[in-house]
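heads up, no residue letters with this:
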Ligand SMILES: [Zn+2]
């Protein structure tokens with residue numbers, strides 16, 4: 001099983017990517033679509049700093065969105081109560097469900113900028129090309145070309161008005 005850097009897409013030795021539920025979900029979607037490669041996901045040493053920054057940015061954003069989701073949920077559920085609603089339990093439950101869905105959508109938005117964490121300290125895998133981590137083969141394609149499998153059709157079709 002080759003180990004591939006999630007940042008530059010090269011076959012490298014590196015820090016293992018933490019397997020969380022998002023990675024797990026992506027894997028499941030990919031194997032369902034038949035495009036799973038079952039590579040070991042790593043972050044190579046050259047990309048580690050960049051990865052760390054991206055991860056921190058994502059975590060910040062996730063906390064912010066999470067706070068927005070919680071506040072929005074509470075407002076939607078509690079405000080009607082203050083205005084004399086809340087006598088009807090069924091209505092309250094309906095509102096709570098709607099608010100929960102809304103909160104979930106906000107959190108899903110935060111996940112669009114998802115960036116996986118990695119485990120520093122240990123390295124796994126091996127380098128793909130001759131065991132050299134730094135050398136670039138002359139015929140090597142630019143890394144960006146091999147990178148994105150483009151699984152998100154959501155914004156692709158959007159055009160500026
Ligand atoms: Zn890399």
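Happy to help now that I have it. Everything numeric in this text was worked out from a predicted model, so none of it was measured. Numbers count the residues shown, from 1 in each chain.

please go through the chain and pick out the longest strand.
strand 40-44 (DSSP state E).

in that one, what's buried?
41, 42, 43, 44 (16 or more other C-beta atoms under 10 Å). Placement of C-beta: from N, CA and C, glycine included.

gap between it and the chain center?
Between the centre of strand 40-44 and the centre of its chain there are 15 Å (C-alpha atoms, centre = their mean, to the nearest Å).

swap in stretch 8-18?
Worked out by C-alpha atoms, centre = their mean, stretch 8-18 lies 16 Å from the chain centre.

again with stretch 2-21
The answer for stretch 2-21 is 14 Å, by C-alpha atoms, centre = their mean.

and that stretch, anywhere near the ion?
Yes - contact between stretch 2-21 and the ion, assessed by C-beta under 5 Å from the ion, occurs at 5, 7, 8.

that stretch: end-to-end distance?
One end of stretch 2-21 to the other measures 22 Å (C-alpha to C-alpha, to the nearest Å).

and the spatially most central residue of the chain, what does it touch?
The centre of the chain sits closest to residue 114, judged by C-alpha atoms, centre = their mean, with a distance of 2.5 Å. Listed by C-beta atoms under 8 Å, 6 or more residues apart in numbering, the contact partners of residue 114 are 22, 58.

tell me the secondary structure at it.
Going by DSSP: H, G, I helix; E, B strand; the rest coil, the secondary structure assigned to residue 114 is coil.
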